[in-house]
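Colleague: Model the following, please.
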Amino acid sequence: DPPRDPTKADFFVMSPLSLAVVFRGFARAVLGLPGWREDFNDGFAMAREYDPLGFASSVAYKYGAVMQHGLLVIDDVAVREMEEGLRIALDFADHNALGLTKYVLGCALLESRYDVGRGLQLLAEIREMCERREFFWTEIPLIDLLTHREIALNGDTEAALQPMRAAVDTLFENGQFAFC
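Modeller: Take a look at the predicted model:
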């Protein structure tokens, strides 16, 4: 057998090295260790060259981690990268990559106030994917929490309060404490 090149395809992951570098960046970012930005940049560069679908998923992991921990500002560059990941996921019609990229882009647009309407629309699409079991159903309570928080921010706290309480209760019941 010829030696395996870690940047070459296999059956499940076209570029295992690029994904591993992105996950190392994810771990470093959430642990507060230096080098996470370089890992994301290096992993993205490899994925762009060898693994477009891996790039789409990598975008979701990068921005999901940095957004949740407040490490990066969502700006034009970040939105363009997330949009690129979404386009690739749409081209491949991979439910996991599509769900991840839509979810992270929707949250980013909403949390940063970059485009609240589009963020809500993407979250509604993800919720429908969850209901059809095309994406993780465990994300429904967080989607509901974010959606109803927007309703409250727009002045209708009465309509938002009970669904938000129910969403938080479900997150606790599911053990999803990071979101509470």
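
Colleague: Output the lowest mean pLDDT helix or strand found in this structure.
Modeller: Within the chain, confidence by mean pLDDT, DSSP states H and E is lowest for helix 52-68 among all helices and strands, at a mean of 83.

Colleague: other SSEs contacting that helix?
Modeller: In terms of contacts (3 or more Cβ pairs under 8 Å, 6 or more residues apart in numbering; DSSP states H and E), helix 52-68 is packed against helix 16-31, helix 36-50, helix 76-92, helix 95-111. Glycine gets a C-beta too; all of them are placed from N, C-alpha and C.

Colleague: Pull out the buried residues from stretch 147-167.
Modeller: By 16 or more other Cβ atoms under 10 Å, the buried positions in stretch 147-167 come out as Thr147, His148, Glu150, Ile151, Ala160, Pro163, Met164, Ala167.

Colleague: Look at that stretch and report the distance between its end residues.
Modeller: 10 Å (Cα to Cα, to the nearest Å).

Colleague: hmm, back to that, how far off centre is the least confident helix or strand of the chain?
Modeller: 6 Å (Cα atoms, centre = their mean, to the nearest Å).

Colleague: next one: stretch 156-176
Modeller: Stretch 156-176 has its C-alpha centroid displaced from the chain centroid by 21 Å (Cα atoms, centre = their mean).

Colleague: Looking at the helices and strands packed on helix 52-68, which is nearest to Pro141?
Modeller: When the helices and strands packed on helix 52-68 are compared by Cβ to Cβ, helix 95-111 sits nearest Pro141, at 13.3 Å.
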